[in-house]
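Enquirer: give the three-dimensional model of this entry:
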Amino acid sequence: MARSLKEHLGDPRGQAMYGVVHGGSDRELRAQSAAFLSHLPFDGYAVGGSLGRDHEEMIELLEYVTPLLADQKRPRHLLGIGDERGVRAAAALGFDTMDSCYPTRIARHGTLLSRAGKLHITSGKYARDYGPIDPETPTVSASRAYMHHLAKMSEPLFITLAALHNIQYMTALMHELRERIRQDDI
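Expert: Numbering: from 1, shown residues only. As a prediction, this is how the structure comes out:
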């Protein structure tokens, strides 16, 4: 048994330890990693590392790896995936949690998430758009025009508001997915 897992089991202090399945996009390496980790008493499993060149490859790889995780009742975590398409696909495959810098990274570069798609807020079409960032998802109380102005003026407040908006948007998405799981719709 891995030394770190042995130490953890001796004194978990209310923390969970996950085994991370690696192997790049090589299915055989992923299978070996999953088989090895599945025989150890981890609290859950995570899938990390390179997951392919695009969403299609990532989903195919996750469809292959997920059934290889021994105990389907243990939590599953996906490392580094945080875009809406990836999150929806991962939830449908049974992943419980994901982590990523994606929502805040794209916010810093002027992209806001919305139900209508990504808003590249520095575009001139938002200069006089006084509507909410996303009418379907209440987040920060700033108009698209105001966010456009802050971004164009390189105001530090823009990064804060944009990051808050994108995090609130992703939180609302996760709430929606959780409800769909409860209703057995996913």
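Enquirer: distance of the spatially most distant residue from the centre of the chain from Asp134?
Expert: Computed with C-alpha atoms, centre = their mean, the residue of the chain farthest from its C-alpha average is Arg128, at 32.0 Å. Using C-beta to C-beta, to the nearest Å, we find Arg128 at a distance of 18 Å from Asp134. Using the backbone N, CA and C atoms, a C-beta is placed for each residue, glycine as well.
Enquirer: where in the chain is pLDDT low?
Expert: 1, 70-71 (pLDDT under 70).
Enquirer: need the contact list for the residue most central in space within it.
Expert: Central residue of the chain (C-alpha atoms, centre = their mean): Gly82, 2.6 Å from the mean position. Contact partners of Gly82, counting by C-beta atoms under 8 Å, 6 or more residues apart in numbering, are Met98, Asp99, Ser100, Cys101, Tyr102, Pro103, Met170.
Enquirer: just the buried subset of these, written out for ChimeraX, thanks.
Expert: Only the buried entries of the contacts of Gly82 go into this ChimeraX selection, using 16 or more other C-beta atoms under 10 Å:
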select :98,100,102,103,170
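Enquirer: give me the phi and psi for Gly44.
Expert: When read as degrees, to the nearest 10, the backbone of Gly44 gives phi -170, psi -180.
Enquirer: who touches Arg76 in this structure?
Expert: Gly44, Tyr45, Ala46, Val47, Thr66, Leu69, Gly94, Phe95, Asp96, Thr97.
Enquirer: quote the end-to-end distance of stretch 42-52.
Expert: By C-alpha to C-alpha, to the nearest Å, the extent of stretch 42-52 from end to end equals 26 Å.
Enquirer: list the buried residues for it?
Expert: Within stretch 42-52, the residues that count as buried by 16+ other C-beta under 10 Å are Phe42, Gly44, Tyr45, Ala46, Val47, Gly48, Gly49, Leu51.
Enquirer: in this structure, which spans are strands?
Expert: 18-21, 44-47, 76-79, 97-99, 111-112, 119-120 (DSSP state E).
Enquirer: show me what the first one is in contact with.
Expert: Right, the one you point to is strand 18-21. Strand 18-21 has contacts (C-beta under 8 Å, 6+ apart) with 5, 30, 33-34, 37-38, 40, 42-49, 65, 68-69, 75, 77, 79.
Enquirer: narrow those residues to those in helices?
Expert: Leu5, Arg30, Ser33, Ala34, Leu37, Ser38, Val65 (DSSP state H).
Enquirer: among those, name the buried ones.
Expert: Leu5, Arg30, Ser33, Ala34, Leu37, Ser38, Val65.
Enquirer: the last one and Ala145: what is the separation?
Expert: With distances taken as C-beta to C-beta, Val65 is found 45 Å from Ala145.
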